[in-house]
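**Q** how does the following fold in three dimensions:
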Amino acid sequence: MHRTRSFTAEERATWVPLVAVLELLPKQLDTQLKRDEQLSHFDYFVLSLLALSDGRTLRMSTLAIESNATLPRLSHVVSRLEERGFVRRLPAPEDARAMDVELTSAGRRKVIAATPGHVANVRSFVLDALSPTQQALLREIAEIILDRLDPTQSLAAHARHVPVDSST
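**A** Numbering: from 1, shown residues only. Have a look, this model is predicted:
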């Protein structure tokens, strides 16, 4: 039987603040978006994925994979967004069993309106706290961890990754 060793003091000093960030940051992102735009962070993420997709439309199953959501969770979120007029479900043209989700004009306006406040919030709590060198290091660390968590690279974070030109 293999016995797992405890964290070293250095490992604990790395892990504990990360856990706190993982707890606090999502709440901060949700609070700002709910206050300013009546959207959860996940609502905003779904709208953003659609806004960035070809034709502002994605297959429901693709949207679930890219957002790391179960189909039931995504279906619930899409239903709420549909009730608000931000998205619409359409039968997939090439597969009658599948559904596509399309961003409406109202949804596009909503995600455009929500983006400046969201970006300001992310800047305030994350990006502005770090030097360019620290941002590059955080990006590298996040990509390493993401590769372990999503080895098939199915999440939108992989598909939409934009390389950084370090010469600018």
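
**Q** from here on, contacts and neighbour counts on C-alpha atoms
**A** OK.

**Q** what about Glu82, how many neighbours?
**A** Using other Cα atoms under 10 Å, Glu82 is surrounded by 18 other residues.

**Q** for the remainder of this discussion, apply numbering that starts at 20.
**A** Noted, 20 is the first residue going forward, which turns the last one into Glu101.

**Q** name the element it belongs to?
**A** helix 90-102 (DSSP states H and E).

**Q** and the helix or strand just after that helix, what's buried?
**A** Downstream of helix 90-102, the next assigned helix or strand under DSSP H and E is strand 106-111. For strand 106-111, a neighbour-count test (16 or more other Cα atoms under 10 Å) marks 106-108 as buried.

**Q** and the helix ranked longest in the chain, what does it pack against?
**A** Longest helix in the chain, counting residues (DSSP state H): helix 28-56. The contact analysis (3 or more Cα pairs under 8 Å, 6 or more residues apart in numbering; DSSP states H and E) places helix 28-56 against helix 60-71, helix 124-144.

**Q** just the buried residues of the helix holding Glu101, please?
**A** Here helix 90-102 shows 93, 96-98, 100-101 as buried, counting by 16+ other Cα under 10 Å.

**Q** tell me the one among those residues nearest to Ala155.
**A** Leu93 (31.9 Å; Cα to Cα).

**Q** center of the protein, which residue is that?
**A** In the chain, the residue lying closest to the centroid (Cα atoms, centre = their mean) is Phe64, at 5.0 Å.

**Q** so who does that residue touch?
**A** Phe64 makes contact with Ser86, according to Cα atoms under 8 Å, 6 or more residues apart in numbering.

**Q** tell me the spacing between it and Ser86.
**A** 8 Å (Cα to Cα, to the nearest Å).

**Q** likewise Asp169?
**A** For Asp169, the distance to Ser86 - Cα to Cα - is 12 Å.

**Q** cool, Glu101 as well?
**A** Counting by Cα to Cα, the gap from Glu101 to Ser86 is 17 Å.

**Q** want to try CSV for the buried residues of helix 90-102, with distance to Thr76 and pLDDT as columns?
**A** Formatted as CSV, those follow (distance: Cα to Cα, whole Å; pLDDT from 0 to 100):
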residue, distance to Thr76, pLDDT
Leu93, 15, 96
Val96, 16, 97
Val97, 13, 97
Ser98, 15, 97
Leu100, 14, 98
Glu101, 14, 98
